[in-house]
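Visitor: please work out how this folds:
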Amino acid sequence: LDLVETEARLAALPEDDEQARDDWRQRVQDARVRYSERTADVFTQLRDLVPAADPLDAEAIVAGLPAGELLLSFGWSGSSLTVITADSDGVDGELVIGGKDTFADGRWQNEVAMEALVEHAAVVRRYVEHVPGSPRDNDAPPLPTIREYDRALEALADALFPEALADRIAKADTVVVIPDGPLASIPFDLFAEIEGSPLAATPIAYAPSATVMADRRQRATQIAEADTSALVIADPDFGGVSVASLRGDAGEDPLGLSSEYFSAMDKIRIFGGQMADLDGTRSEADAISAMIPDATVLLGRDANAPAVIDAALNTSPRFLHFATHGYLGSAARPGDACLALAQPETLSADDTGFLTLETIIRSWTGRLDATQLVVLSACDTGRGVRTGDTLMGLPLGFFQAGVPTVVASLWEVDDASTALLMQRFYGNMTGQDGDAMGPLEALREAQDWLRNLSWQDADRIHEQLGLETPKGFRNAGKPYQHQAHWAAFVLMGYQGE
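Guide: Residues are numbered from 1 along each chain as shown. I've put the predicted structure just below:
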């Protein structure tokens, strides 16, 4: 059990059951030791790799904030919710849930309130990550209705944005969100849909911490001159030979190890998991390369790990774009978060068929000194495994490689709608239909464009990109208006000019 759960169970025990309370006190102490050791190990590793892992104090953070930018940092635990704000005028904080607690009906009421917020966040997440009518497992629970989603979203907003904070947000030109707990998997643009929301007209970026945000802003002023305009990796060949000797029957665990230990990469390489071809990613790459002169494009068998690593580290691209499958690491091995590349016929230390977070941290640190933007156009690339106080995900690796800005996704994304979104995003940044936009403005406009796209215009763009129009698509009004299509991608780090 984790620290929060052990502490909660101790608090819930009857006062007169001293033997049980002694037992759980020891469990709490052991959990605290494990948590402290794990956190210390993570930060020791990070400090060796990135000086910015040493936290800045509040005065230094405020001094580096441009006028009009508001940092919004959340702290989420089993019994409390805190919100800390920082702008050029100073730092403020509010304990939304926590403080003095009451014990009623056998429960501490702060924990009850936090459990309600956890459930609201889960409802929002389940609704937005699945398009109604899309294929799902037979044993999957039913999706929330739109009414249940609206209620959960509004309940979350009421807790996250108390009146005093809402006024401060409304005055900001840009908000940088530092999420925690379930909030790390929810795009805050969803809250802008609520009538009267303080976020309605405010661009939103994200960061793992205020220190990393400040470091990435400074890093953006030190970008070296790029050798190439862009490196685009897309549509890798997933047809390599599997490790058949270690396969079990479908669903088996032939090595007798738990799924918590195995990452998605393990399951694919060892247990014979399948990676579907992504036809839209080749169209995505063609569209991007048409807008960016001299872009280097690696497709099919050329999108293999040695070629990708060589091109990324030795050609200094301004933009680095991956369009492929993305996978999370496991709780035991968060460094296995990865991007799928062309699968080799023979596995080797130099080519496992994946680019992992561990590889990026160990071998890429500081080496993308000319890269302004990395786009991870794949599933779940903005998520990670919480280890101590750090979210171990792919964006962390690219930040450590020296990149100021990363665009990544919070759930499994649709191949066709992502191709359209990325075409519009790069068109905005390169000024195809007007003045060139910075990355945050470009992404925000592309998302608004996609959600309001008519089926006739979408059908025409599908044809231009060589994409097959999905069944039942025509006469669908605005086919990409569901949040699953337009809200998945978020910008992390420096927002750009």
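Visitor: buried set for stretch 342-361?
Guide: 342-344, 351-361 (16 or more other CB atoms under 10 Å). Every residue, glycine included, has its C-beta placed from N, CA and C.
Visitor: ends of it, what's the gap?
Guide: Distance between the two ends of stretch 342-361: 21 Å, counting by CA to CA, to the nearest Å.
Visitor: from the chain's centre, how far out does that stretch sit?
Guide: Relative to its parent chain, stretch 342-361 has a centroid offset of 22 Å by CA atoms, centre = their mean, to the nearest Å.
Visitor: same thing with stretch 17-27?
Guide: 39 Å.
Visitor: report the contact partners of Met114.
Guide: Going by CB atoms under 8 Å, 6 or more residues apart in numbering, Met114 touches Trp76, Ser77, Gly78, Ser79, Ser80, Leu81, Ile97.
Visitor: the strands in the stretch 51-200 of the chain, which residues?
Guide: 69-76, 81-87, 90-97, 103-104, 107-108, 174-178 (DSSP state E, counting those that start in this stretch).
Visitor: what angle do the last one and strand 81-87 make?
Guide: If you take axes from the mean of the first three to the mean of the last three CA atoms, to 10 degrees, strand 174-178 sits at 140 degrees to strand 81-87.
Visitor: kindly report the same for the third one.
Guide: Compare the direction of strand 90-97 with that of strand 81-87 by the same axes, to 10 degrees and you get 170 degrees.
Visitor: average pLDDT across strand 90-97?
Guide: Strand 90-97 shows a mean pLDDT of 86.
Visitor: neighbouring contacts of that strand?
Guide: 58, 61-62, 79-86, 110, 113-114, 117, 159-160, 162, 164-165, 168.
Visitor: list the strands paired with that strand, with their directions.
Guide: For strand 90-97, the paired strands and their directions (DSSP bridges) read strand 81-87 (antiparallel).
Visitor: in JSON lines: the strands of the stretch 51-200 of the chain, plus distance to Pro142 and mean neighbour count.
Guide: As requested, the strands of the stretch 51-200 of the chain are exported to JSON lines (distance: least, CB to CB, whole Å; neighbours: other CB atoms under 10 Å):
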{"stretch": "strand 69-76", "distance to Pro142": "27", "mean neighbour count": "20"}
{"stretch": "strand 81-87", "distance to Pro142": "28", "mean neighbour count": "19"}
{"stretch": "strand 90-97", "distance to Pro142": "29", "mean neighbour count": "14"}
{"stretch": "strand 103-104", "distance to Pro142": "32", "mean neighbour count": "10"}
{"stretch": "strand 107-108", "distance to Pro142": "28", "mean neighbour count": "16"}
{"stretch": "strand 174-178", "distance to Pro142": "30", "mean neighbour count": "21"}
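Visitor: related to what we said a few turns ago, could the contacts of Met114 go into a markdown table alongside distance to Ser283?
Guide: Formatted as a markdown table, the contacts of Met114 follow (distance: CB to CB, whole Å):
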| residue | distance to Ser283 |
| --- | --- |
| Trp76 | 39 |
| Ser77 | 44 |
| Gly78 | 45 |
| Ser79 | 49 |
| Ser80 | 47 |
| Leu81 | 43 |
| Ile97 | 47 |
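Visitor: point to the residue nearest the middle of this protein.
Guide: Most central in the chain under CA atoms, centre = their mean is Gly382, positioned 1.6 Å from the mean C-alpha point.
Visitor: and it, how far from His485?
Guide: 16 Å (CB to CB, to the nearest Å).
Visitor: what's the answer for Thr221, then?
Guide: 35 Å.
Visitor: ok, these two, which is more surrounded?
Guide: His485 (23 against 8; other CB atoms under 10 Å).
Visitor: for that one, phi and psi?
Guide: In terms of degrees, to the nearest 10, the main-chain angles of His485 are phi -80, psi -40.
Visitor: what residues are up against it?
Guide: Taking CB under 8 Å, 6+ apart as the test, what His485 contacts is Val131, Asp414, Ser417, Leu421, Leu450, Arg451.
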